[in-house]
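Trainee: 3D, please:
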Amino acid sequence: MARQRKLSPQAETLLVTLLDASSKWLHGYELSQRTGLKSGTLYPILIRLSEIGLLDSQWEESNIAGRPPRHIYRITRKGAAVAHELQASSAKSQTRRRAAGAI
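Mentor: Have a look, this model is predicted:
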């Protein structure tokens with residue numbers, strides 16, 4: 001059985017951002033703007049998440065002459081399940097921190 005690596009905080013941010021966009025296809029540039037991730041961080045994460053089945057990716061032809069096609073991405077059902085788990089875990093951690101601060 002293959003060992004599942006823990007996602008980096010950047011990958012978690014990306015998944016939650018894509019979850020918020022529901023099933024909408026997004027370009028890497030738009031994802032960079034929404035997450036604040038630089039391209040050198042973003043694109044390797046997009047590739048890795050696509051390879052493990054958390055994202056769908058496809059090429060989109062441009063409507064503008066001379067512009068090359070570009071990749072677009074959206075979250076898969078498996079990716080959405082992981083993102084929901086991350087959100088629930090984050091909410092529990094925040095609740096514990098608040099409770100610890102109240103003592």
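Trainee: In terms of secondary structure, what does the helix or strand encompassing His71 contact?
Mentor: Per DSSP states H and E: His71 is located in strand 70-75. With contacts defined as 3 or more C-beta pairs under 8 Å, 6 or more residues apart in numbering; DSSP states H and E, strand 70-75 has these neighbours: helix 9-20, strand 26-27, helix 28-35, helix 39-51, strand 55-60. The C-beta positions use only the backbone N, C-alpha and C, and glycine is treated the same way.
Trainee: repeat that for 10 Å
Mentor: Applying 3 or more C-beta pairs under 10 Å, 6 or more residues apart in numbering; DSSP states H and E, we find strand 70-75 packed against helix 9-20, strand 26-27, helix 28-35, helix 39-51, strand 55-60, helix 77-102.
Trainee: These: lowest mean pLDDT?
Mentor: In terms of mean pLDDT, the lowest-scoring of these is helix 77-102 (a mean of 74).
Trainee: Just checking the distance from stretch 44-60 to the centre of its chain.
Mentor: Stretch 44-60 sits 9 Å away from the centroid of its parent chain (C-alpha atoms, centre = their mean, to the nearest Å).
Trainee: Go ahead and name everything in contact with it.
Mentor: 2, 4-5, 7-8, 10-15, 18, 23, 25, 27-28, 31, 35, 37, 39, 68-83 (C-beta atoms under 10 Å, 6 or more residues apart in numbering).
Trainee: filter those to the buried ones?
Mentor: 7, 10-15, 18, 28, 31, 35, 37, 71-76, 79-80, 82-83 (16 or more other C-beta atoms under 10 Å).
Trainee: coming back round to it: any idea which of the helices and strands packed on strand 70-75 is most buried?
Mentor: A comparison of those by mean neighbour count, using mean count of other C-beta atoms under 10 Å, puts helix 9-20 on top with a mean of 19.
Trainee: Output that helix as PDB, nothing but the C-alphas.
Mentor: Below are the C-alpha coordinates for helix 9-20, written out as PDB (Å, rounded to 0.1, in the frame of the first residue of the first chain):
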ATOM      1  CA  PRO A   9       0.100  24.300   3.900                       C
ATOM      2  CA  GLN A  10       0.300  25.700   0.400                       C
ATOM      3  CA  ALA A  11      -1.300  22.700  -1.100                       C
ATOM      4  CA  GLU A  12      -4.000  22.800   1.600                       C
ATOM      5  CA  THR A  13      -4.700  26.500   0.700                       C
ATOM      6  CA  LEU A  14      -4.900  25.600  -2.900                       C
ATOM      7  CA  LEU A  15      -7.400  22.800  -2.300                       C
ATOM      8  CA  VAL A  16      -9.600  24.900  -0.100                       C
ATOM      9  CA  THR A  17      -9.500  27.700  -2.700                       C
ATOM     10  CA  LEU A  18     -10.600  25.300  -5.400                       C
ATOM     11  CA  LEU A  19     -13.300  24.000  -3.100                       C
ATOM     12  CA  ASP A  20     -14.700  27.500  -2.700                       C
END
